[in-house]
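Undergrad: Mind looking at a prediction? Sequence and model below.
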Amino acid sequence: MPDKPARPAGLSTARRQVPGAVAGGPLPVAGIARTMGITRQSVQRVADPAVAEGPAEYRPNPARQRAELLALTDDGLTALRRITPDHGEFAPELSERLGGTADFPPVAEAVETLSQALDNLGY
């Protein structure tokens, strides 16, 4: 069920979130991580396959040569556009099931803790 909103584009929910973060324009991986409140490594684990499979690409970063920018390709943008209508319907339903005005910071912290633990275990 969690992948249902991203299914029309052939993406898992996790694989939609990182490319979705650059829908407004290219960002470095560290910038995406800060924006999403997750580790750089977590973003990198999704960004690299997205680049390899085609919906995203790395571009040179004029501000910092060692930190390439992640950007959507035309295919990636098309995939995200296919998701948007379903995602727009899914988000309010999820919010309602979580009690309406869910307190998301503790959830984000729990996900970050899990991500770091998995990083430490090599997953």
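TA: Perfect, I can see it now.

Undergrad: buried residues in stretch 25-42?
TA: Buried residues in stretch 25-42, defined by neighbour count with 16 or more other Cβ atoms under 10 Å: Pro26, Leu27, Pro28, Val29, Gly31, Ile32, Ala33, Met36, Ile38, Thr39, Ser42. Quick note: C-beta positions are derived from backbone N, CA and C, even for glycine.

Undergrad: was I right about the second one contacting Ala67?
TA: No. Leu27 is not in contact with Ala67 according to Cβ atoms under 8 Å; the separation is 9.7 Å.

Undergrad: Determine the number of other residues adjacent to Thr78.
TA: Residues near Thr78, counting by other Cβ atoms under 10 Å, number 12.

Undergrad: scratch that, Leu114
TA: 11.

Undergrad: pLDDT weak spots in the chain?
TA: 1-16, 83-109, 111, 119, 122-123 (pLDDT under 70).

Undergrad: 90 instead?
TA: 1-24, 32-39, 42, 45-46, 50, 53-55, 64-66, 75-123 (pLDDT under 90).

Undergrad: where along it do the strands fall?
TA: 27-28, 56-59, 69-72 (DSSP state E).

Undergrad: For Gln116, find the nearest of those strands.
TA: Set against Gln116 and scored by Cβ to Cβ, these come closest in strand 27-28, at 20.2 Å.

Undergrad: thinking again about what came up before, deepest in the core, which of the strands of the chain is it.
TA: Of the strands of the chain, the one with the most neighbours on average (mean count of other Cβ atoms under 10 Å) is strand 69-72, at a mean of 22.
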